[in-house]
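*Asks:* Give the three-dimensional model of this entry:
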Amino acid sequence: MKIDLISRLSLFLVLGPHALGQVDSLQDLSRVVQPLPCATIYTAKAILTLDPAKPKAEAVAVVGDRILAVGALEELKAGVGEQPYIVDKRFEEQVIVPGFIAQHDHPFLAALTMESEIISIEDWVLPSGTVKAAKNRDEYIARLTKW
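*Replies:* Here you go, the predicted model:
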């Protein structure tokens with residue numbers, strides 16, 4: 001089935017000029033238009049956002065390695081519209097916190113860190129020795145107030 005002039009104009013407006021040369025039939029259209037990727041909505045006991053306007057959420061929607069939105073589960077389900085999604089409850093009894101910059105990946109920050117007291121949730125093995133982790137709140141406060 002050939003695509004008429006109005007349909008070609010619509011394709012031009014939606015897909016851009018590159019689509020016109022690729023589409024002569026509806027079968028061709030299926031090769032040009034890519035379906036929306038599947039989103040994953042993770043639920044958790046709490047999601048700490050570090051956003052003062054919305055410090056906590058119960059769900060986070062992700063596609064690939066990108067966060068789409070955080071909020072209430074029903075809000076995110078409604079927000080994905082026709083995009084396919086799954087709800088993943090593996091973190092339902094856990095708290096999700098944002099990832100932090102790995103200072104060892106950034107030479108300038110690493111240089112500054114080597115001159116600072118390190119208080120970390122895991123042991124740091126350094127050329128000068130191992131800095132033991134602060135495993136709980138009391139250990140963290142003790143190390144912090146020591147300096």
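*Asks:* okay, now the domains of this structure?
*Replies:* Listed domain ranges for the chain are 1-34, 39-96, 103-146 (source: automatic domain parsing).
*Asks:* What residues does the nearest residue to Glu122 once chain neighbours are set aside make contact with?
*Replies:* Spatial nearest neighbour of Glu122, excluding adjacent residues (Cβ to Cβ, 6 or more residues apart in numbering): Ala133 at 5.0 Å. C-beta here means a position set from N, CA and C on the backbone, and glycine is covered the same way. Shown in contact with Ala133 (Cβ atoms under 8 Å, 6 or more residues apart in numbering): Ser120, Ile121, Glu122, Asp123, Glu139.
*Asks:* Likewise for Val62?
*Replies:* Val62 neighbours (Cβ under 8 Å, 6+ apart): Ala39, Thr40, Ile41, Tyr42, Leu68.
*Asks:* which of the residues you listed lies closest to Arg143?
*Replies:* Tyr42 (31.9 Å; Cβ to Cβ).
*Asks:* Who are the contact partners of the closest one?
*Replies:* Residues near Tyr42 by Cβ under 8 Å, 6+ apart: Ala59, Val60, Val62, Asp88, Lys89, Arg90, Phe91, Ile96.
*Asks:* Report the two of those separated the most.
*Replies:* Val62 and Lys89 (14.1 Å).
*Asks:* In terms of secondary structure, what does the lengthiest strand in the chain contact?
*Replies:* Selection of the longest strand in the chain by residue count, based on DSSP state E, yields strand 85-96. Applying 3 or more Cβ pairs under 8 Å, 6 or more residues apart in numbering; DSSP states H and E, one finds that strand 85-96 contacts strand 39-48, helix 73-79.
*Asks:* Please tabulate the ones you listed in JSON lines and include distance to Leu144 and mean pLDDT as additional columns.
*Replies:* Converted to JSON lines, the helices and strands packed on strand 85-96 look like this (distance: least, Cβ to Cβ, whole Å; pLDDT from 0 to 100):
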{"stretch": "strand 39-48", "distance to Leu144": "20", "mean pLDDT": "94"}
{"stretch": "helix 73-79", "distance to Leu144": "36", "mean pLDDT": "93"}
